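S.K.: pasting the structure only:
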């Protein structure tokens, strides 16, 4: 079973920031938080990962709470192309990603 | 640069036929993974290679499924005597290293339909 809990779906208006939450209350001290997304009919795409500190790259920002039991993926200016299923994954030595059900993000025009 | 490629993109097989699905990972990537994704579900792990060694095959659903990576680059997933329940998208991913953290890069998948 996935070690994370995500809402099944979310809506966000185009141009607004999309904030996708993830609970991982059983995370261990050396496990990383990864985010992937899967656009319809494509393979999953890596977005970002983090351990303790907040992280930002060209795609998104990752905010991890101090106790590491939850995190939020932020897409700063959502576009229609960001419509996808977003997966939050916790693992160490990720030779076996357990994807879970993810959050289906709908970007509304 | 070139990403992970998979062929064929679509495969229709009659029940009982054998199929072979190919994965070309990103050049130089040490690790290679296979996943199965049923319609409406998240991908599920099948097997994992580090170079030519198959380190984990715990996700293979039956002994009809066989994967190989003989020279540590291209990999083939073979399904013998296909059944209708094998219909799914088969995803291949590769990764540059074996130490945390590392991300997996996925190919577009092969959609297998067994009739």
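M.R.: Here it is on my side, so go on. On a predicted model such as this, the values are computed, not experimentally measured, just so you know. Residues are numbered from 1 along each chain as shown, chains lettered A, B, ... in the order given.
S.K.: what pLDDT is listed against the spatially most central residue of chain B?
M.R.: Closest to where the C-alpha atoms of chain B average out (C-alpha atoms, centre = their mean) is residue B:34, at 3.2 Å. At residue B:34, the predicted lDDT confidence score is 97.
S.K.: which residues does it bridge with?
M.R.: residue B:47, residue B:92 (DSSP bridges).
S.K.: and the strands in chain A, which stretches?
M.R.: A:9-13, A:18-23, A:32-38, A:45-50, A:55-56, A:61-64, A:70-75, A:84-91, A:103-108 (DSSP state E).
S.K.: where does the prediction get shaky in chain B?
M.R.: B:1, B:98-101 (pLDDT under 70).
S.K.: which residues of it lie near chain A?
M.R.: Within chain B, the positions adjacent to chain A are B:4, B:31, B:33, B:35, B:41-45, B:48, B:55-56, B:58-59, B:91, B:93, B:100-109 by C-beta under 8 Å from any C-beta of the partner chain. For the C-beta atoms, the positions are set from N, CA and C on the backbone; glycine is no exception.
S.K.: same thing but at 7 Å, please
M.R.: Of all the residues in chain B, those in contact range of chain A (C-beta under 7 Å from any C-beta of the partner chain) are B:42-43, B:45, B:48, B:55-56, B:91, B:100-101, B:103-109.
S.K.: which of the residues you listed sits closest to residue A:95?
M.R.: Checking those against residue A:95 by C-beta to C-beta gives residue B:48 as the nearest, at 4.8 Å.
S.K.: from residue A:34, how far out is that closest one?
M.R.: Computed as C-beta to C-beta, to the nearest Å, the residue B:48 to residue A:34 distance reads 16 Å.
S.K.: what sits against the residue nearest to the centre of chain B?
M.R.: B:46-47, B:67, B:77, B:90, B:92 (C-beta atoms under 7 Å, 6 or more residues apart in numbering or on different chains).
S.K.: what stretches of chain A score poorly on pLDDT?
M.R.: Scanning chain A with the threshold set as pLDDT under 70 gives A:1-2.
S.K.: one more pass at 80, please.
M.R.: Within chain A, the segments meeting pLDDT under 80 span A:1-2, A:92-96.
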